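**Q** next comes the sequence, and after it the predicted model I'd like to discuss.
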Amino acid sequence: MSKRRISPDKRVISGVAITDIAEEGKGVGKADELVLFVDKAIPGDIVDVELTRKKKSFAEGRALRIAEASAYRVTPFCEHFGVCGGCKWQHMDYAAQLLFKQKSVENALSRLGKVDTRSMEPILAAPETQYYRNKLEYTFSNKRWLTDLDGQEDGLEMNALGFHVPLRFDKILDIHHCHLQQDPSNAIRNTVREFALKEGISFYDLRQHTGALRNLIIRIASTGEIMVVVVFAYADEEVIEKTMAFLQKEFPEITSLLYIVNQKKNDTIFDQDIHTFAGRDHIFEEMEGLRFKVGAKSFYQTNSEQAYELYKITRDFADLKGDERVYDLYTGAGTIANFIARQALEVIGVEYVPTAIEDAKINSAINGIGNTRFFAGDMKDVLTPAFVGEQGAPDVVITDPPRAGMHPDVVQRLLEMEAPKIVYVSCNAATQARDLAILAEKYQVQRIRPVDMFPHTQHVENVVSLVLTK
């Protein structure tokens, strides 16, 4: 390796060895005491770095030159790599991705949670690393983000249907082929775009809040059923009818064809009316003989195949014998609750979102499950001593909180309830580790198993089982 050199203006550092990888696909290296985050560099690379942002203890930069390429480096498979905000690790071999995801979970648990990770089980790899998502959301925009592939000729089409460019909320990258969702997802998106351009239907302006077409949501279930939701903004009835009729004709395989009129200044649809144009207002997912109803507003894990593996690990860690009362906290649409209900005496699910609780009840009814009960409300307000007294103390608690982890009051309630076992499912090992450190007052970590739900990204799920020791 050549000796590391710093340019006179201190903007270029040569010969930086990349030793780790951080979020957003940035390689991590060091120059003297300065930690460097280098865009698109991966562990094993030796690069010359041009600094783009410098603070006292760290700096960000881009690789001017790869002096020596890492053995982990592979050619990205997507033409949009580096501009699109997704799949930021696709320039790294998948086996290496798993290695560094395992390492990130291990570091978080041991450093932040003081957890002994020597018995940590190997990360569960995803069987499919492309076309694994069951849901994608696209945005229409009249402000297309231009790339080097587009050229600079006059009259270039500026309408786009694709993904937001990172850090540019009003710019949309026009997507030609996305490797995240199976057919006919790409065909639907490209056909809708061409139809809108041909018919002169306006694309949304994210700054001025004008235009007819706003968003396109595509769900493809493991059952093969397809849901398409077109979100309009300022479109008249004729445009809506024409667009939806076109989709129905071109893609008769669509199971659920829906539309929404959203004239708010944000894209959330949870407070919007859903209109059914053709088919049902829902599709079905299946898992181990169970059917789950999925509507336009429903939450369902976006990798169906790995969700099944995640839930199996959760059930295995719970080690149910059939006579346990289980609390399923942050139950969502009750997927885990219904999945484990056959192995438990009863399951009590709690969730903040009332519509999700209604979905959970429906999913129990669809599958003839009679030993579940669901409650809507803020977790820290619902999970009181009075609630536990009324419902009965849990033998097992399963908790699957959002990325922020559990509220401190909820963690304290778990300590007070003293359930013999807790299974903690998390999409953020750092906040999970924080909560585990508090639970260590009465609980000991028994098993740990990461699960890769999202190949080519830094995201990883992690399941931890804890047993009561005091």
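**A** Great, that's in hand.
**Q** summarise which helices and strands the host helix or strand of Val410 is packed against.
**A** Using DSSP states H and E, the element containing Val410 is helix 408-417. If contacts are counted by 3 or more Cβ pairs under 8 Å, 6 or more residues apart in numbering; DSSP states H and E, helix 408-417 sits against helix 379-382, strand 396-399, helix 429-439. The C-beta positions use only the backbone N, C-alpha and C, and glycine is treated the same way.
**Q** could you point out which element follows it?
**A** Scanning forward in sequence from helix 408-417 by DSSP H and E, the next helix or strand is strand 421-426.
**Q** by contact count, what packs against that next one?
**A** helix 304-318, strand 396-399, helix 429-439, strand 461-468.
**Q** touching it from outside, list them.
**A** Strand 421-426 has contacts (Cβ atoms under 8 Å, 6 or more residues apart in numbering) with 310, 314, 317-319, 336, 395-401, 405, 414, 432, 435-436, 439, 443, 461-468.
**Q** which of those residues are buried?
**A** 310, 314, 317-318, 336, 395-401, 405, 414, 432, 435-436, 439, 443, 461-466 (16 or more other Cβ atoms under 10 Å).
**Q** Ala278 bridge partners, please.
**A** On the basis of DSSP bridges, Ala278 is bridged to Leu257.
**Q** downstream of the helix or strand bottoming out on mean pLDDT in the chain, the next helix or strand is which one?
**A** One helix or strand of the chain scores below all others by mean pLDDT, DSSP states H and E: strand 5-6, with a mean of 54. Beyond strand 5-6 in the direction of the C-terminus, DSSP H and E gives the next helix or strand as strand 12-21.
**Q** can you add mean pLDDT and distance to Ile422 and give the helices and strands packed on strand 421-426 back as TSV?
**A** Listed next are those as TSV, based on pLDDT from 0 to 100; distance: least, Cβ to Cβ, whole Å:
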stretch	mean pLDDT	distance to Ile422
helix 304-318	97	9
strand 396-399	98	5
helix 429-439	96	7
strand 461-468	97	4
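**Q** for the ones you listed, give me a markdown table that also has distance to Lys421.
**A** Listed next are the helices and strands packed on strand 421-426 as a markdown table, based on distance: least, Cβ to Cβ, whole Å:
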| stretch | distance to Lys421 |
| --- | --- |
| helix 304-318 | 7 |
| strand 396-399 | 5 |
| helix 429-439 | 12 |
| strand 461-468 | 6 |
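**Q** which ones are touching Tyr204?
**A** Applying Cβ under 8 Å, 6+ apart, we find Tyr204 in contact with Thr139, Phe140, Ser141, Asn142, Thr210, Gly211, Ala212, Leu213, Arg214, Ala233.
**Q** isn't there a helix covering Gln102?
**A** Yes: per DSSP: H, G, I helix; E, B strand; the rest coil, Gln102 lies within a helix segment.
**Q** about what we covered before: and of the helices and strands packed on helix 408-417, who's closest to Asn371?
**A** Nearest to Asn371, of all these, is strand 396-399, at 13.9 Å by Cβ to Cβ.
**Q** mind listing what that closest one pairs with, with the direction of each?
**A** Strand 396-399 has its sheet partners listed here by DSSP bridges as strand 325-329 (parallel), strand 421-426 (parallel).
**Q** rounded mean pLDDT for the last one, please.
**A** It refers to strand 421-426. Taken as a whole, strand 421-426 has a mean pLDDT of 98.
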